[in-house]
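Visitor: build me a model from this:
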Amino acid sequence: MAANCLFCKIAKGEIAAQKVFENEHVFGFVDIHSQAKIHLLFVHKKHTANINEMSGDPEAIAQMFRGIAEYTKGCELSKNGYRVVTNQGPDAGQTVFHTHFHIVGGEALGHFGR
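Guide: Numbers count the residues shown, from 1 in each chain. Below is the predicted model of the structure:
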């Protein structure tokens, strides 16, 4: 964990967050800057700065997506779908440099990437 990282501090319980999921490797919580009816962040407890750095640990990536799948299988998001997004670098909108995935849904989302 990184000493000054916001998400590492949340993982250690030093900063409060509305957690919706947690297992040995991953936790998910409500994004305080919501961009959809449901907007969650899923974070690995092992600190990496971004997806490129995390790509050196394929098991960590698998743990992230297993955590997301475990959470979403039984909730409202599973009914009509959701989007999984990660931002790589400041030009893409990354503001916290700890790899995380945005899970957004709960409503019809606009088309992306057309």
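Visitor: which SSE is immediately downstream of the lowest-mean-pLDDT helix or strand in the chain?
Guide: Of all helical and strand segments in the chain, the minimum by mean pLDDT, DSSP states H and E falls on helix 77-80, at a mean of 88. Note on helix 77-80: by DSSP states H and E, the next helix or strand toward the C-terminus is strand 82-85.
Visitor: where exactly do the helices run in the protein?
Guide: Counting by DSSP state H, one finds helices in the chain at the ranges 6-11, 51-54, 58-73, 77-80.
Visitor: and of those helices, who's closest to F42?
Guide: When those are compared by CB to CB, helix 58-73 sits nearest F42, at 5.3 Å. C-betas here are computed from N, CA, C, even on glycine.
Visitor: how many other residues sit next to the closest residue to I15 other than its chain neighbours?
Guide: Sequence neighbours aside, K9 is the residue nearest to I15 in space, at 4.5 Å (criterion: CB to CB, 6 or more residues apart in numbering). The number of residues packed near K9 is 17, by other CB atoms under 10 Å.
Visitor: please report how far K9 lies from H47.
Guide: Here the criterion is CB to CB, to the nearest Å. By it, K9 lies 11 Å from H47.
Visitor: likewise for E22?
Guide: 16 Å.
Visitor: who has more neighbours out of the two?
Guide: For E22 versus H47, neighbours defined as other CB under 10 Å are more numerous around H47 (18 against 14).
Visitor: which one is that one nearest to, not counting chain neighbours?
Guide: Distance criterion CB to CB, 6+ apart; nearest residue to H47, sequence neighbours excluded, is A2 at 4.7 Å.
Visitor: who touches the most centrally placed residue in the chain in this structure?
Guide: By CA atoms, centre = their mean, the chain has its centre lying nearest to F42, at 2.4 Å. Counting by CB atoms under 8 Å, 6 or more residues apart in numbering, F42 touches 21, 26-28, 64, 67-68, 71, 100-101, 103.
Visitor: hmm, which two among those are most spread apart?
Guide: Once CB to CB is applied, those give Y71 and H100 as the farthest pair, at 14.1 Å.
Visitor: of the two, who's got more company?
Guide: Set side by side, Y71 and H100 show more neighbours around H100, with 26 against 20, by other CB under 10 Å.
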